[in-house]
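Undergrad: sequence first, predicted coordinates after that:
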Amino acid sequence: MKTLIIEDDPEIIETIFLIMKIRWPDCVMVSESTGKRGLELAEIEDPDLVIIDLGLPDMSGFDVLRQIRTFSKTPIIIVTVRGEEADIVKGLELGADDYMVKPFGQMELLARAQAVIRRSLPGIDENPITLGGMRFSPSFGKISFNGRDIALTNIEGLILYQLMNNPGVVLNYTTLAEKIWGDYYPGAVNSLRVYIRHLRSKLEVDPYHPRFILTKVGVGYFINKLN
Ligand code: CA
């Protein structure tokens, strides 16, 4: 297990190091403060997890992310102080698997790191799930819909997997968070909201009037089984 952190704030690096070592004592930690050097390390070190700060001194974390995705499928988590939904969605579109808004708690970091690593491991051989016109292949992280293949990020895939396995059943926030991140933590509801919006933008004809992924206000989400 090797983690690369591309971040210019030494305190954040230290915090992440300490937390990761609790869960993975043998974890090798590598860090870089610039995007340019971070990119080189991402290639040379072949890490199992990459954590990227959006605000780097020499280049945007978005560009680092975009470039890593040209040669690597390794799980990537973005850390940002801004936490604006537009930034988060942009990061996910560029191929990040998850994001964390600073300051984040220990539980949150561990939950998110575990989820993306678990999902990226080879050998997850779940059978495709078919519902309506959709065919979801969890092991490939993609969904086929009307003959079109749509790529999903790790977390999007985990959420859709839970919902499609329980069509018509409302899964509440706590249940979903526990299934996806292994734990419920403050902020999970907001995260779920962002991922659901993103899934809708990929799967719904009109994301603002969803017919497939529905909200039970104040409770959770469910998949419309009639679709
Ligand atoms: Ca920074």
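TA: Nice, I can see it.

Undergrad: and the residue of this protein nearest the ion?
TA: Nearest residue of the chain to the ion, counting by Cβ to the ion: residue 55, 3.7 Å away. Bear in mind the C-beta positions are built from the backbone N, C-alpha and C, glycine included.

Undergrad: beta partners for that residue?
TA: Counting by DSSP bridges, residue 55 forms beta bridges with residue 60.

Undergrad: go on, residue 148?
TA: Residues in beta-bridge contact with residue 148 (DSSP bridges): residue 145.

Undergrad: the residue of the chain closest to the ion contacts residue 87, correct?
TA: No - proximity of residue 55 to residue 87 does not meet the contact threshold set by Cβ atoms under 8 Å, at 10.4 Å.

Undergrad: next, show the common contact partners of the two.
TA: Overlap of the contact sets of residue 55 and residue 87 (by Cβ atoms under 8 Å, 6 or more residues apart in numbering) consists of residue 80.

Undergrad: which of these two has more residues huddled nearby?
TA: Between residue 55 and residue 87, counted using other Cβ atoms under 10 Å, residue 87 has the larger neighbour count: 17 against 14.

Undergrad: does that one count as helix, strand or coil?
TA: Under DSSP: H, G, I helix; E, B strand; the rest coil, residue 87 falls in the helix class.

Undergrad: grab the nearest non-local neighbour of it.
TA: Computed as Cβ to Cβ, 6 or more residues apart in numbering, the closest residue to residue 87 that is not its neighbour in sequence is residue 80, at 6.1 Å.

Undergrad: number of residues surrounding that neighbour?
TA: Using other Cβ under 10 Å, residue 80 has 18 neighbouring residues.

Undergrad: contacting residues around the host helix or strand of residue 159?
TA: Using DSSP states H and E, the element containing residue 159 is helix 154-164. Helix 154-164 has contacts (Cβ under 8 Å, 6+ apart) with 75, 92, 97-98, 115-116, 119-120, 126, 129, 131, 134, 136, 138, 141, 143, 152, 171, 176, 179-180, 192, 195-196, 198-199, 202, 213, 221-223.

Undergrad: what residues does this structure put near the ion?
TA: 8, 53, 55 (Cβ under 5 Å from the ion).

Undergrad: which elements pack onto the very next helix or strand once past the helix holding residue 159?
TA: Toward the C-terminus, helix 154-164 is succeeded by strand 171-172 as the next helix or strand (DSSP H and E). With contacts defined as 3 or more Cβ pairs under 8 Å, 6 or more residues apart in numbering; DSSP states H and E, the packing partners of strand 171-172 are strand 220-223.

Undergrad: now the strands for this protein?
TA: 2-6, 28-32, 49-53, 76-80, 98-101, 129-131, 134-137, 142-145, 148-151, 171-172, 213-216, 220-223 (DSSP state E).

Undergrad: make JSON lines from these and add mean pLDDT to it.
TA: JSON lines is the format used below for the strands of the chain (pLDDT from 0 to 100):
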{"stretch": "strand 2-6", "mean pLDDT": "97"}
{"stretch": "strand 28-32", "mean pLDDT": "96"}
{"stretch": "strand 49-53", "mean pLDDT": "96"}
{"stretch": "strand 76-80", "mean pLDDT": "94"}
{"stretch": "strand 98-101", "mean pLDDT": "92"}
{"stretch": "strand 129-131", "mean pLDDT": "83"}
{"stretch": "strand 134-137", "mean pLDDT": "81"}
{"stretch": "strand 142-145", "mean pLDDT": "80"}
{"stretch": "strand 148-151", "mean pLDDT": "85"}
{"stretch": "strand 171-172", "mean pLDDT": "96"}
{"stretch": "strand 213-216", "mean pLDDT": "96"}
{"stretch": "strand 220-223", "mean pLDDT": "96"}
